[in-house]
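>>> just a sequence and a predicted model for now, questions to come.
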Amino acid sequence: MMKVENLSFSYGRIQAIRDVSFELKEGEIMAIVGANGAGKSSLMKCIAGLLKPQKGEVHYDDTRLESAPHKVVEQGICLVPEGRWIFPNLTVEENLLLGGYTSKNRAGGMKRAYEMFPRLEERNKQRAGTMSGGEQQMLAIARGLMAEPRVLLLDEPSLGLAPLIVNDIMSIIKRINHEGISVLLVEQNARKALSIAHHACVLEQGQIIKRGTGAELAADESIVAAYLGKIKK
């Protein structure tokens, strides 16, 4: 469905990602895990067209993606960025309407968003910046879904959230996937990401060093030691 081939990007002399290649298959969740600064967000921005790679290509349904964000969205790929980046002075409803700017069925998108996130409907006239972090993350995901994507790029959706809210977000990601949307998930909380991922890659210093199913990587002793740690009993 989506194929990333030899993608490289640098900030001046700092190489953020180097020769990254992987495939996201239709209907699956793929997780990209790694330490802070491994290049995960840079990779997502390159796919979304926010950054132009120096080398490599991204193909979607056998068509090369252009390095232009609006073109990427029109082709069915939408990024929910790290840090949420909602419009704090706009209402929940206004944020959602902006997310559905390219959609031909914004009314249907709003209905779907409110069915998936009832709290957003309760607060649809509230300014987004006054909501809790978890509610803002739900809004960011719902805004992404308003574009009717076939692929949703989620960059650190659990960042800064309480553990119970993280569990809710992971359940929401699984539900989105069950509804037929493929998900590329970048997540520093490797244990949570691998628990819901069909396949996963480990990114270290801008390069993929391991790949496999979520279960395989979660059971890999080197991955456990580096990224997962011991579970407290």
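Good, I have the coordinates. Numbering: from 1, shown residues only.

>>> can you tell me how far the spatially most central residue of the chain is from Asn95?
Centroid-nearest residue in the chain: Leu154, 1.0 Å away (criterion: CA atoms, centre = their mean). Separation of Leu154 from Asn95 (CB to CB, to the nearest Å): 17 Å. No exception for glycine: its C-beta is placed from N, CA and C like everyone else's.

>>> before we move on, what about Asn36?
Distance from Asn36 to Asn95, by CB to CB: 28 Å.

>>> and what of Lys174?
Per CB to CB, Lys174 is found 24 Å from Asn95.

>>> who's more crowded, these two?
Asn95 (22 against 14; other CB atoms under 10 Å).

>>> wait, that one sits on Arg143?
Yes. Asn95 is within contact range of Arg143, at 5.4 Å (criterion: CB atoms under 8 Å).

>>> can you list residues touching both of these two?
Counting by CB atoms under 8 Å, 6 or more residues apart in numbering, the shared contacts of Asn95 and Arg143 are Ile86.

>>> Gln15 pairs with what?
Here Gln15 sits in beta bridges with Ser10, as judged by DSSP bridges.

>>> give me the contact list for the lowest-mean-pLDDT helix or strand in the chain.
Within the chain, confidence by mean pLDDT, DSSP states H and E is lowest for helix 221-223 among all helices and strands, at a mean of 86. Identification of contacts with helix 221-223 by CB under 8 Å, 6+ apart yields 190, 202, 210, 217.

>>> how near is Tyr114 to Arg123?
11 Å.

>>> what's the answer for Lys3, then?
39 Å.

>>> picking up where we left off before, flag every buried residue along the least confident helix or strand of the chain.
Of all the residues in helix 221-223, those buried under the rule 16 or more other CB atoms under 10 Å are Ile223.

>>> can I get the lengthiest helix in the chain as PDB, trimmed to CA atoms?
Longest helix of the chain, by residue count under DSSP state H: helix 163-178. What follows is helix 163-178, C-alpha atoms only, in PDB (Å, rounded to 0.1, in the frame of the first residue of the first chain):
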ATOM      1  CA  PRO A 163      -1.100   6.100  31.800                       C
ATOM      2  CA  LEU A 164      -4.900   5.600  31.800                       C
ATOM      3  CA  ILE A 165      -5.300   8.100  29.000                       C
ATOM      4  CA  VAL A 166      -2.500   6.300  27.000                       C
ATOM      5  CA  ASN A 167      -4.500   3.100  27.300                       C
ATOM      6  CA  ASP A 168      -7.600   4.900  25.900                       C
ATOM      7  CA  ILE A 169      -5.500   6.300  23.000                       C
ATOM      8  CA  MET A 170      -4.200   2.900  22.100                       C
ATOM      9  CA  SER A 171      -7.700   1.500  22.100                       C
ATOM     10  CA  ILE A 172      -8.800   4.300  19.800                       C
ATOM     11  CA  ILE A 173      -5.900   3.500  17.400                       C
ATOM     12  CA  LYS A 174      -7.000  -0.200  17.300                       C
ATOM     13  CA  ARG A 175     -10.600   0.800  16.600                       C
ATOM     14  CA  ILE A 176      -9.500   3.100  13.800                       C
ATOM     15  CA  ASN A 177      -7.500   0.300  12.300                       C
ATOM     16  CA  HIS A 178     -10.500  -2.100  12.600                       C
END
